[in-house]
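> generate a structure from the sequence data that follows.
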Amino acid sequence: MSQTDEQAALLTQVADLRAEGDELYELLGTLSESDWSQTTTFKDWTIYDVVAHLHFSDHMGVTTLASGDDFKALMRDIQASGLPMVAYTRRWLGDIDGPQLLERWRSLFLEMCDRLGAADPDLRLTWAGPGMRPRMFATARQMETWAHAWEIYDKLGVTRAHSDRIFNIATIGVRTFGWSFTNRKLEVPAEAPYVRLTAPSGALWEWNDSSSEDRIQGDAVAFCQVVTQVRNVADTDLAVSGKTAEQWMAIAQCFAGPPEDPPAPGSRA
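Next comes the predicted model:
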């Protein structure tokens, strides 16, 4: 891909990230002040904690876009504090309420999008896990924003609209097939399952060898929920066949960090 094509692809990805943030901001704008303290079904985090986590992660993004050394210094400070990330983030935020947090998150999120769009597509960004280029970083931020937003939609009981921009998340889900196993120190199966998903628009998305006996078929939103651990596969209508496909869907994890278990069946349905 030429430099011009890389830049165009980056801008498209940043536009998808920005749209994800716009949608969440619109939802959060409907909250009352008391809603921010409601506890979600994700690790007993409140809605405030969810948005604070997204905000701090965006702060980490802006930091590494400015300087890899500054990012490393930030990581050292987090580790030296000995605090869990939720507690560290609350200390970092200071004494602000939910509406104030919302505007701080929004402002920094837009700054991050602007910086990503203006970045050199070949720049290697320092991160807690493997470094990544701006386009992949924008995809990762979209994935996390989309996934954590479910905690809020679920808590409020609001029906969520869906867009084909989740193609980016589905693609990460497919590409991290091997990671889901190696992260748990398990042998990676020789062949990745065939994945065939129906997009929100009705389009069909396919990955891997269609002749494989291991297959995952169904709704793209459900697949994205499983690989981001928003839902247990048992709480979806995905058709999963074959030992490898079943094993993958039971441990799928498209995000970095130590192994995490999906929610128990029924707990986030």
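
> in what helix or strand does Gln253 lie?
Using DSSP states H and E, Gln253 falls within no helix or strand.

> neighbours of it, how many?
23 (other Cβ atoms under 10 Å). Where you see a C-beta, it was placed from the backbone N, CA and C, and this is true even at glycine.

> go on, Gly94?
7.

> distance of it from Gly178?
The gap separating Gly94 from Gly178 is 41 Å, by Cβ to Cβ, to the nearest Å.

> repeat that for Gly242.
For Gly242, the distance to Gly178 - Cβ to Cβ - is 17 Å.

> stretch 65-76: which residues count as buried?
Buried residues in stretch 65-76, defined by neighbour count with 16 or more other Cβ atoms under 10 Å: Leu65, Gly68, Phe71, Leu74, Met75.

> of all those residues, which comes closest to Arg135?
The closest of the buried residues of stretch 65-76 to Arg135 turns out to be Leu65 (Cβ to Cβ; 13.0 Å).

> so what pLDDT did that closest one get?
Leu65 is assigned 96 on the pLDDT scale.

> same question, Glu260
pLDDT, Glu260: 95.

> for it, what are its contacts?
Glu260 makes contact with Gln229, Gln253 under the criterion Cβ atoms under 8 Å, 6 or more residues apart in numbering.

> again with Val240
Val240 neighbours (Cβ under 8 Å, 6+ apart): Arg215, Ile216, Val233, Glu246, Met249.

> where does it land in three-state SS?
strand (DSSP: H, G, I helix; E, B strand; the rest coil).

> the residue most central in space within the chain sits in which helix or strand?
Centroid check for the chain by Cα atoms, centre = their mean gives Glu144 as the closest residue, at 2.1 Å. Using DSSP H and E, Glu144 sits within helix 134-156.

> in that helix, what's buried?
By neighbour count on 16+ other Cβ under 10 Å, the buried set for helix 134-156 is 134-152, 154-156.

> ditto for stretch 261-269
So for stretch 261-269, counting by 16+ other Cβ under 10 Å, buried means Pro262, Pro263, Arg268.

> and those residues, which is closest to Leu10?
Pro262 (31.2 Å).

> could you measure from the closest residue to Gln253 other than its chain neighbours over to Ala245?
Excluding the flanking residues, the one nearest Gln253 by Cβ to Cβ, 6 or more residues apart in numbering is Ser180, at 5.1 Å. Going from Ser180 to Ala245 by Cβ to Cβ gives 12 Å.

> the two: which is more packed in?
Ala245 (25 against 21).

> sorry, back to before: okay, and which of the buried residues of stretch 65-76 map to strands?
Within the buried residues of stretch 65-76, no residue falls in strands by DSSP state E.

> follow-up on the earlier one: wait, isn't the residue nearest to Gln253 in contact with Ile251?
Yes. Contact between Ser180 and Ile251 holds when scored by Cβ atoms under 8 Å: they sit 5.3 Å apart.

> helix, strand or coil for the nearest residue to Val158 once chain neighbours are set aside?
Computed as Cβ to Cβ, 6+ apart, the closest residue to Val158 that is not its neighbour in sequence is Leu27, at 6.7 Å. At Leu27 the chain is in helix, as set by three-state DSSP.

> in contact with Leu27: list those residues for me.
Ala149, Ile152, Tyr153, Leu156, Val158.

> where does pLDDT dip in the stretch 1-150 of the chain?
1, 3 (pLDDT under 70).

> 80 - rerun?
Along the stretch 1-150 of the chain, the model assigns pLDDT under 80 to residues 1-3, 129.
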